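>>> show me how the following folds:
(one chain, ligands or ions: 2)
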Amino acid sequence: MRKILIMNAKGGSGKTTVATNLAGYYAMKGASVALADFDPQGSSIDWLRQRRGNLPKIIGLEASEKFPKLSNTVDVMIMDAPSRTHDEQIVSLLSITETCIVPVIPSPMDIRAAQRFFGELRKIRKNVYNEVKIATIANKTRENSREAKNLEDLLYSFKLPSGRKFPFLTLLRQSANYIRAAQRGMSIFEFAPLTTALDREYWKPLTGWLESKKSRP
Ligand SMILES: Nc1ncnc2c1ncn2[C@@H]1O[C@H](COP(=O)(O)OP(=O)(O)O)[C@@H](O)[C@H]1O
Ligand SMILES: [Mg+2]
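Ligands and ions are numbered 1, 2, ... in the order given. Reported below is the predicted structural model:
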């Protein structure tokens, strides 16, 4: 089973948006998908409740930090982390995944919070990183804006104490398509292709990385 965690201590950075869209992406491709919601606010499960029965099925799991028990028929498990994660909780979430995506939005407060979060990641025992690959993405960006460029430069510069980089994968634009999709329990990949063509283009480096060996320990 493929395990992908979406995590960032800052609320509103797009964890649920990325988790639900990824779940929809894999479901649309015919995979058996589970969406595990570790956030007590339950936004991913809420999203799933809006989802119509004619769309590819996604299994919802209201998860605790214990690894959710699953039938071995699940191909992909997407895990939506809570906000305000710290220390041991970060370690325990990282220990149940093989891949972790960190979305960051280009506002000054989010960038400072991301710097603190990466500070926490750097403090974690080194051996945790042998078992997990972490990458960053920028979210809610305005195309060609200076804020997006600054965030991109910052995310490129994040490193582990070993000098190993967290790959920076892509910028997702701020788009009403994500709001519309969220309302209906859908992913942008399940809308008429023309309306979301540009957004889907920006997802390609992310899904390409996830489908490559580089995203696995
Ligand atoms: N790329 C985007 N474009 C437009 N709205 C977005 C985008 N990403 C997230 N949002 C909106 O921002 C809000 C916070 O996103 P959410 O995914 O819930 O963050 P988190 O789970 O990290 O708290 C939600 O209302 C969501 O619909
Ligand atoms: Mg959320």
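
>>> which bits of this structure sit near ligand 2?
15, 16, 43 (C-beta under 5 Å from the ion). All C-beta atoms are positioned from the backbone trio N, CA, C, and that covers glycine.

>>> secondary structure element holding residue 24?
Assigned by DSSP states H and E, residue 24 falls within helix 15-28.

>>> and the angle from the strand of greatest length in the chain to helix 15-28?
For the chain, the strand that runs over the most residues, judged by DSSP state E, is strand 133-141. In terms of direction (axes from the mean of the first three to the mean of the last three C-alpha atoms, to 10 degrees), strand 133-141 departs from helix 15-28 by 110 degrees.

>>> for strand 133-141, packing partners?
helix 15-28, strand 99-104, helix 146-157, strand 168-173 (3 or more C-beta pairs under 8 Å, 6 or more residues apart in numbering; DSSP states H and E).

>>> of all those, which lies closest to ligand 1?
helix 15-28 (3.4 Å; C-beta to the nearest ligand atom).

>>> returning to that earlier point: what lines up beside the longest strand of the chain in the sheet?
As defined by DSSP bridges, the strand partners of strand 133-141 come to strand 99-104 (parallel), strand 168-173 (parallel).

>>> centre of the chain versus the longest helix anywhere in the chain, how much separation?
Counting by DSSP state H, the longest helix found in the chain is helix 193-210. Chain-centre distance of helix 193-210: 14 Å, with C-alpha atoms, centre = their mean, to the nearest Å.
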